[in-house]
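Trainee: Turn this into a structure:
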Amino acid sequence: MTLNSNGIYTGFIKVQMELCKPPQTSLKPGKLAPSSNGCMNTLHISSTNTVGEVIEALLKKFLVTESPAKFALYKRCHREDQVYACKLSDREHPLYLRLVAGPRTDTLSFVLREHEIGEWEAFSLPELQNFLRILDKEEDEQLQNLKRRYAAYRHKLEEALSEVWKPD
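Mentor: Numbers count the residues shown, from 1 in each chain. The predicted structure follows:
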């Protein structure tokens, strides 16, 4: 790490990619993304760079075309025989965390992952509105099918009752 005359540190952090599925890239079809799962990537940043900026820089570096909102940066801490992983907020500064923890990567390391399944904030508002429209449409279709089934059942029941209650 280097301390610049303006008081800002610059240096490198290593980020391990732990992705469930290969990211969409702008590479030619058939080529593997250089950010494949388990790969360790080095990124040059400053102490003013936030987690959000680090994620964007990593995705840009490896030509990943997916939204940065679909990814999260985690810090992995090793204490005694335990390993702790903690999701970093977008306002935290990874190089500052690295500086405070010291240079040993077995004490602190960084991991890029997709958001956990069920975290809807990774989707844009139009995507979420589209999901709601689809769900509303499916709900309406199910409701109409249910009403038709019960109307047919009611009709059969009324026919059966009218047969039983017929005056002789």
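Trainee: can we go C-alpha only for contacts and neighbour counts from here?
Mentor: Fine.
Trainee: Next, name the residue at the spatial heart of this protein.
Mentor: Computing the C-alpha centroid of the chain and ranking residues by C-alpha atoms, centre = their mean puts His115 first, at 2.5 Å.
Trainee: what's the pLDDT at that residue?
Mentor: For His115, the pLDDT comes out at 74.
Trainee: Quick one: mean pLDDT for the helix of greatest length in the chain?
Mentor: In the chain, taking DSSP state H as the definition, the longest helix is helix 125-164. When pLDDT is averaged over helix 125-164, the result is 93.
Trainee: just for the protein, where's the confidence low?
Mentor: Applying pLDDT under 70 to the chain picks out residues 20-38, 116-122, 167-168.
Trainee: Pro161: neighbouring residues, count only.
Mentor: Quick fix: residue 161 reads Leu, not Pro. Neighbours of Leu161 under the rule other C-alpha atoms under 10 Å: 11.
Trainee: Equivalent analysis for the one 5 residues further on, please.
Mentor: Taking other C-alpha under 10 Å as the criterion, the count of residues near Lys166 is 7.
Trainee: how about it, secondary structure?
Mentor: coil (DSSP: H, G, I helix; E, B strand; the rest coil).
Trainee: can I see the domain layout of this structure?
Mentor: According to the TED database, the chain comprises the domains 2-114, 120-167.
Trainee: now the longest helix of the chain: how far from the chain's centre is it?
Mentor: 35 Å (C-alpha atoms, centre = their mean, to the nearest Å).
Trainee: Off-centre distance for the helix or strand containing Asn41?
Mentor: Assigned by DSSP states H and E, Asn41 falls within strand 40-46. The chain centroid and the centroid of strand 40-46 are separated by 21 Å, computed with C-alpha atoms, centre = their mean.
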